[in-house]
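> After the sequence you'll find the predicted model.
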Amino acid sequence: MGFRFRLASFFVVALILVQALTGLLVYQVTRHELIGEGKRRMQEAAQSFAHQFEDMADRAAASVQVLALDFALRSAVAQHDEATLSSALRNHGRRVGATQMLLVGTDGRVEVDTAGRWAAGSPFPYPDLVERSLQAPAAATVTWEQHAYWMVVVPVFAPDLVGYIGAAIPADNRMLVQLQQQSALPDNIELAAADATGRFAVLARGRDRSQLAVSLGANGRLPTAPAVVMVGGREFVSQAVWLRGARHSPRVAAVLGFSVDEALEPYRPVAAAWAGLLVFGLTVGLVCAWVIARSVSRPVEELASLARRIASGDYSAPDAPARPDELGQLASAFGNMAHAIREREARILHQAGHDQVTGLPNRAYIESAVQHALAARPQEPAALLMLGLGRLPEIIKTLGHVVSDRLMHAAGARLQAPAGDSLVARATETQLAIFLPGATLEEAMTAAHRVVEALGEPYREAELTLDFAPAIGIALAPEHGTDAGVLLRRAEVAMIGALHSDDAVVLYDPATDPHRPERLSLMGDLRHALEHGGIELHYQPKLNLQQGRIDAVEGLIRWRHPIAGPVAPDDFIALAEETGNIRRVTRWALGAGIAQAARWMAAGHAVRVSINVSARDLDDPELPNRLRDLLRAHGVAPAQIVLEITESAIMGKPETAIAVLRRMADDGIDLAIDDFGVGQSSFAYLRRLPVRELKIDKTFITHLARSREDRIIVSSIVELGHHLGYRVTAEGVDDADALAYLRDVGCDHAQGYLIAPPLQAQDVGQWLDPARWPLPAATET
Ligand code: C2E
Ligand code: CA
Ligand code: CA
């Protein structure tokens, strides 16, 4: 059901309704008027009919009066000459149209009845007429046997009263029709009387044969005022008028009526014309409605299709010419809206793909562009250059984002020349990416060096002179990846490598990628190994240089990966720290180390066990409790356990770390500073910590034989450490000269391959024999 159809239907239905209502109204008004007029006329007609009817009866009576004056008849009455009488009566009766002639005696008894209805000697049934006849000829309408009659009575004088002549003249259909023909009377005229049961029966009727009296008098009474009655499906205006009667006869009424429908007959042609007009009007209305509906609905439909077009993303201007009306205004508003949407969409699209600061495409943009390019030419080489500005994080911290943004903007501008028409994008806040489709390694390298050169000149603004310090990572397609996201990440990894190396340009190397996916699964495997075995703690003996025996060991974790084989701690400890897995490692190492210390004690060996603890462990306030529980469970004295912590681990977050360290030191556990000398701690700072041991980093020990500086550093640390009450251990001792020197400067312990490599627990026993470690003669003397 379209809008147009509904609009047209509305017009047509409204038209039909108005026409029909008007027609009905006119019909009702006309009919009402007709009935009103009919009622007035009916009243007159009823009176006029009664007059005429009774006039005729009186005239008939007058005719019978003339008969009564006839000499022959009078003498026949006086002489009781029956034969003459009968023939005279019959002759006269025929003249006045009577069907019965009577001679009634002065005693009121019937003497002669030409019809033989009443026997001679029986009383005349209408004595009141006899009486009235003495004043004037009496006439009344009477009824018997379903017929109406005029009963006329006149006296006969010869010269004295000798009797009465009666005549019964039928008032029948013929008479009524005759009356109707003579004067303008309604079509319906009936004579009616009530029978013994009170129901009205029609005795005679005129032209129409509707039997109005039966319906009109159904309730036993006839209305003497005009009334509307339905008979045989037709409507009549009808009225009764009582006729003059005789006392002993049922009263006869005349019922008159005319049909309303017939009265409406003259209006039929008008109605027909009306109907014709209606049909014509409807047809014209229909056409007009359709045309109007179309003229209204077409622009609406056009607007709807325009809206659909806009919704589907087609923002072209409407092609229809502008209309001056409201719909035209709406259409032009639509057009403006489409235009505004198009502009906004373009802006949003640009913003979505571009960086506000540099105006360069953003990471999402370059990622999808590279993805498209790689998909289009999968076989061809391509290079992705990731440019990082080494000093940018520092610049952001010191000078804020406004300056760093300007620096980034300047870097983007300088890249335009060396990049040519290659795509340059801002990949992250501090990095720019350049995509070189079709570039080989050599071409990529050349391009990278041109970029470095372009950024060689420092950035200058007002008082500021800032080095760009560019570092470029290169990832090549397809060998480093065929996916844009992967290439971007790998170029970034290479760039980070470049930031930390002397070369400004570094090619991605899968071997050194700390983010290669294998490392993620490595952590899962590590957790599995910690729970199900595959990890062991090895112990590297520490030689007590004063006593010449092994009295301590350092626990070092060993992991044999089921597929990759042995994995060096340096390869997974840092990753475990990054990924939050280090606490599991530490818990496990503490458990293993303490259990082993208990076993050695049981075997009669007093061996201190050092366990490495990482920076992230010091955030764990549960660590002291856990340690205490383990010691109690294995019956190990706290003094048997040393925790090794690097300088940097404590320097990172002093308050929390120190609180945890204090609690453990209070429990009697010794703390050692691992890799001492390479970090940035100071003795002044260390004084505030519950530390009992320093482990001089192996970088100072390795070159001890050749480096005078290292010798001075080591002897200074030992001396100062002793002054402050620390035990001092030297790590990485792998040549005898170093060991001798350490002994000379009074270092407490030495640890290194020269003494022993990290050993399995069961192998440690044989190293514990003091006989293996003869003290040099020099020291003894
Ligand atoms: P670290 O604590 O400094 O451990 C000493 C490292 O030096 C060990 O390497 C050891 O095998 C090695 N080493 C021993 N003697 C010599 C020598 O004469 N010369 C040289 N050049 N090296 C020697 P390893 O076992 O590979 O451990 C590396 C690092 O992994 C350790 O350094 C330690 O920081 C960490 N690590 C090892 N086990 C654990 C552990 O259970 N927990 C934690 N958190 N870290 C551990
Ligand atoms: Ca250590
Ligand atoms: Ca160390």
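It's in. Just so you know, these numbers come straight off a predicted model, no measurement behind them. Numbering: from 1, shown residues only. Ligands and ions are numbered 1, 2, ... in the order given.
> And the helices in the stretch 501-650 of the chain, which stretches?
Residue ranges of the helices in the stretch 501-650 of the chain, as given by DSSP state H, counting those that start in this stretch, are 518-532, 569-578, 582-602, 623-634, 647-652.
> Show me the one of those that comes nearest residue 375.
Put simply, out of the helices of the stretch 501-650 of the chain the one that sits nearest residue 375 is helix 518-532, at 26.4 Å, with distance taken as Cβ to Cβ. Where you see a C-beta, it was placed from the backbone N, CA and C, and this is true even at glycine.
> thinking again about what came up before, any chance of JSON lines for the helices of the stretch 501-650 of the chain, columns distance to ligand 1 and mean neighbour count?
As requested, these are exported to JSON lines (distance: least, Cβ to the nearest ligand atom, whole Å; neighbours: other Cβ atoms under 10 Å):
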{"stretch": "helix 518-532", "distance to ligand 1": "11", "mean neighbour count": "15"}
{"stretch": "helix 569-578", "distance to ligand 1": "3", "mean neighbour count": "16"}
{"stretch": "helix 582-602", "distance to ligand 1": "4", "mean neighbour count": "19"}
{"stretch": "helix 623-634", "distance to ligand 1": "12", "mean neighbour count": "16"}
{"stretch": "helix 647-652", "distance to ligand 1": "10", "mean neighbour count": "18"}
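> With mean pLDDT and distance to ligand 2 added, can I get the ones you listed in TSV?
What follows is the helices of the stretch 501-650 of the chain, written out as TSV (pLDDT from 0 to 100; distance: least, Cβ to the ion, whole Å):
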stretch	mean pLDDT	distance to ligand 2
helix 518-532	85	19
helix 569-578	86	10
helix 582-602	95	11
helix 623-634	95	17
helix 647-652	75	11
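> Out of those helices, the one nearest residue 345 is which?
helix 518-532 (39.9 Å).
> The closest one packs against which elements?
Under the contact criterion of 3 or more Cβ pairs under 8 Å, 6 or more residues apart in numbering; DSSP states H and E, helix 518-532 touches strand 549-561, helix 569-578, helix 582-602.
> Reformat these into JSON lines and put distance to residue 669 next to each item.
Shown next, in JSON lines, are these (distance: least, Cβ to Cβ, whole Å):
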{"stretch": "strand 549-561", "distance to residue 669": "14"}
{"stretch": "helix 569-578", "distance to residue 669": "21"}
{"stretch": "helix 582-602", "distance to residue 669": "11"}
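> Those into TSV, with extra columns for distance to ligand 3?
Formatted as TSV, the entries for the helices and strands packed on helix 518-532 read as follows, by distance: least, Cβ to the ion, whole Å:
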stretch	distance to ligand 3
strand 549-561	8
helix 569-578	11
helix 582-602	15
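> Which pLDDT value belongs to the residue nearest to residue 10 when sequence neighbours are not counted?
Closest residue in space to residue 10, ignoring its immediate chain neighbours: residue 289 at 7.8 Å, by Cβ to Cβ, 6 or more residues apart in numbering. Here the pLDDT value assigned to residue 289 is 80.
> Residue 289 and residue 11 touch, don't they?
Yes - under the criterion of Cβ atoms under 8 Å, residue 289 lies in contact with residue 11, with a separation of 3.2 Å.
> who's more crowded, those two?
Regarding residue 289 and residue 11, a neighbour count based on other Cβ atoms under 10 Å identifies residue 289 as having more, with 21 against 17.
> Secondary structure class of that one, three-state.
Three-state call for residue 289 (DSSP: H, G, I helix; E, B strand; the rest coil): helix.
> Please list all residues in contact with it.
7-8, 10-12, 15 (Cβ atoms under 8 Å, 6 or more residues apart in numbering).
> by contact count, what packs against the helix or strand containing residue 405?
Using DSSP states H and E, the element containing residue 405 is helix 401-419. Packing contacts for helix 401-419, counted by 3+ Cβ pairs under 8 Å, 6+ apart, involve strand 382-389, helix 392-399, strand 423-428, strand 431-437, helix 441-454, strand 459-461, strand 464-466.
> Any idea what residue 608 is bridged to?
Bridge pairing for residue 608 (DSSP bridges) gives the partners residue 552.
> Can you list the buried residues in whichever strand or helix holds residue 346?
Residue 346 is part of helix 326-353, with elements assigned from DSSP H and E. Taking 16 or more other Cβ atoms under 10 Å as the neighbour-count basis, helix 326-353 is seen to contain the buried residues 327, 331, 334-335, 338, 342, 353.
> ok, now stretch 695-713?
695-698, 700-702, 704, 710-711, 713.
> Equivalent analysis for stretch 427-438, please.
427, 430-437.
> taking the residues you listed as a set, which two sit the farthest apart in space?
With distance counted by Cβ to Cβ, no two of these lie farther apart than 430 and 437, which are 24.7 Å apart.
> show me where the stretch 201-350 of the chain has helices.
For the stretch 201-350 of the chain, the helices defined by DSSP H, counting those that start in this stretch occupy 212-216, 260-264, 268-311, 326-353.
> can you redo those helices as CSV with distance to ligand 1?
Below are the helices of the stretch 201-350 of the chain laid out as CSV (distance: least, Cβ to the nearest ligand atom, whole Å):
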stretch, distance to ligand 1
helix 212-216, 123
helix 260-264, 119
helix 268-311, 62
helix 326-353, 46
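> pLDDT value on residue 692, please?
The predicted local confidence for residue 692 comes out at a pLDDT of 94.
> correct me, but residue 195 touches residue 203?
No - Residue 195 is not in contact with residue 203 according to Cβ under 8 Å; the separation is 10.4 Å.
> And those two? Which one has more around it.
The neighbour comparison of residue 195 against residue 203 (other Cβ under 10 Å) goes to residue 203, with 25 against 11.
> Tell me the predicted confidence for that one.
Checking the pLDDT column for residue 203, the value is 89.
> mind checking how far it is from residue 20?
With the distance defined as Cβ to Cβ, to the nearest Å, residue 203 ends up 45 Å from residue 20.
> How is the chain partitioned into domains?
The record assigns the chain these domain ranges, following automatic domain parsing: 37-274, 313-352, 354-510, 518-762.
> how about CSV for the ones you listed, with distance to residue 31 added?
Putting the domains of the chain into CSV (distance: least, Cβ to Cβ, whole Å) gives the following:
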stretch, distance to residue 31
domain 37-274, 7
domain 313-352, 47
domain 354-510, 85
domain 518-762, 100
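> Worst mean pLDDT among these?
Out of the domains of the chain, domain 313-352 stands lowest, with a mean of 80 (criterion: mean pLDDT).
> Residue of the stretch 301-450 of the chain nearest ligand 2, please.
Residue nearest to ligand 2 within the stretch 301-450 of the chain (Cβ to the ion): residue 393, separated by 30.9 Å.
> Tell me the residues of the stretch 601-750 of the chain that contact ligand 3?
674-675, 731 (Cβ under 5 Å from the ion).
> rerun at 8 Å
Proximity of the stretch 601-750 of the chain to ligand 3 (Cβ under 8 Å from the ion) is limited to residues 644, 646, 674-675, 695, 697-698, 731-732.
> got the contact list for the residue in the stretch 451-600 of the chain positioned nearest to ligand 2?
Among all residues of the stretch 451-600 of the chain, residue 554 sits closest to ligand 2, at 5.5 Å; criterion: Cβ to the ion. Contacts for residue 554 were tallied using Cβ under 8 Å, 6+ apart; they are 539-540, 542, 609-610, 612, 644, 751, 758.
> Also residue 57?
For residue 57, the contact set (Cβ under 8 Å, 6+ apart) comprises 139-141, 150, 152, 169, 244.
> Give the buried residues for stretch 242-254.
Of all the residues in stretch 242-254, those buried under the rule 16+ other Cβ under 10 Å are 243-246, 249-254.
> again with stretch 55-70
56-58, 60-61, 63-65, 67-68.
> tell me which of these is nearest to residue 218?
Checking the buried residues of stretch 55-70 against residue 218 by Cβ to Cβ gives residue 57 as the nearest, at 28.6 Å.
> Secondary structure element holding that closest one?
helix 3-68.
> Can you get me a residue count around the closest residue to residue 27 other than its chain neighbours?
Leaving aside its sequence neighbours, residue 27 sits nearest to residue 271 (Cβ to Cβ, 6+ apart; 7.7 Å). Applying the criterion other Cβ under 10 Å, we find 14 residues in the vicinity of residue 271.
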